[in-house]
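Asker: Requesting a structural model of the entry that follows:
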Amino acid sequence: MDVPVIAIENVSFSYDGLPVLEDVTFTVTESDFISIVGPNAGGKTTLIKLILGLLKPHKGRITVFGQEPVKARRQIGYMPQHTALDPLFPVNVMDVVLMGRLGNGTFGFYKKNDRDAAYEALREVEMYDLRSRSFSALSGGQQQRVLIARALASEPALLLLDEPTSNVDIAVETELYEILNQLNTKMTIIVVTHDLGFASQYVKRVACVNRRVIIHPTSDITGEMIHQIYGTDVHMVRHDNQIPRRYPSE
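Answerer: Coordinates of the predicted model:
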């Protein structure tokens, strides 16, 4: 039987005694594409950090590719929600993507295979032609592509992205998800998002996180489930035809 990409068993985690995640159990298989949704402070980013090994569960067990998360980090590409890049710092696109190879190079001196991996990552997000452009001169959507390329430069088998489409318009969001959809043919992807209606066109399963985690096939998501996740009525918009639908009062 194949080893799951991620196996989470009875995991709980608290900050200063305040429960954030409780009794979480689920598995992620190879080539899965999962969207993590839920209210603010519901535990989404904490779950990502546990998978990365940046946090340790107070209870339960997590394995990534059959190992402790820390030992599996070289197989994981990660795009955080907030990236601390000074817009005035004179760094170009290639420099940013090569940051994803840190740990492979020696004291900042990158080898040919590091540069080749960075070039390939830029091609995958369709930013190769702008590799010498200043990062600060890019549009918001282009910067997001470059940050995804930085995560891809490590040549991961698992890609974790924390709200990669925040602060971009619908056209750019579509482009980014099309890129992720192509990448999913060769790697497992987990993406944190607030835009469930949009992501549902692409992802295979949805992990609903609000202290506990429940995973559903995308086709099973209903207005009632959304109401239970967020604790209130929300708007779910189908971006393919721009028809707004209000749940759960329909």
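Asker: Now N167. Its backbone dihedrals?
Answerer: Main-chain torsions, N167, degrees, to the nearest 10: phi 60, psi 30.
Asker: so what's it closest to, chain neighbours aside?
Answerer: Distances taken as C-beta to C-beta, 6 or more residues apart in numbering place G140 nearest to N167, at 6.0 Å, with adjacent residues excluded. Using the backbone N, CA and C atoms, a C-beta is placed for each residue, glycine as well.
Asker: looking at it, the one you found is touching E175, isn't it?
Answerer: No. At 11.9 Å, G140 and E175 do not qualify as touching, with contact defined as C-beta atoms under 8 Å.
Asker: Spatially central residue for this structure, please.
Answerer: Central residue of the chain (C-alpha atoms, centre = their mean): L161, 1.7 Å from the mean position.
Asker: so what's the backbone phi/psi at that one?
Answerer: With angles defined as degrees, to the nearest 10, L161 sits at phi -130, psi 130.
Asker: That one against V192, yeah?
Answerer: Yes. Assessed by C-beta under 8 Å, L161 is found in contact with V192 at 6.9 Å.
Asker: if we can go back for a sec, name the residue in G140 and E175 with the higher neighbour count.
Answerer: Higher neighbour count among G140 and E175: E175, with 17 against 12, using other C-beta atoms under 10 Å.
Asker: what about that one, which helix or strand?
Answerer: For E175, the enclosing helix or strand under DSSP states H and E is helix 170-183.
Asker: Just the C-alphas of that helix, formatted as PDB.
Answerer: The C-alpha coordinates for helix 170-183 follow below in PDB (Å, rounded to 0.1, in the frame of the first residue of the first chain):
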ATOM      1  CA  ILE A 170     -10.600  37.600 -11.000                       C
ATOM      2  CA  ALA A 171      -8.700  37.500 -14.300                       C
ATOM      3  CA  VAL A 172      -5.300  37.000 -12.500                       C
ATOM      4  CA  GLU A 173      -6.900  34.500 -10.100                       C
ATOM      5  CA  THR A 174      -8.000  32.500 -13.100                       C
ATOM      6  CA  GLU A 175      -4.500  32.500 -14.600                       C
ATOM      7  CA  LEU A 176      -3.000  31.400 -11.300                       C
ATOM      8  CA  TYR A 177      -5.400  28.500 -10.800                       C
ATOM      9  CA  GLU A 178      -4.800  27.400 -14.400                       C
ATOM     10  CA  ILE A 179      -1.100  27.300 -13.600                       C
ATOM     11  CA  LEU A 180      -1.800  25.300 -10.400                       C
ATOM     12  CA  ASN A 181      -4.100  23.000 -12.300                       C
ATOM     13  CA  GLN A 182      -1.200  22.200 -14.700                       C
ATOM     14  CA  LEU A 183       1.300  21.700 -11.900                       C
END
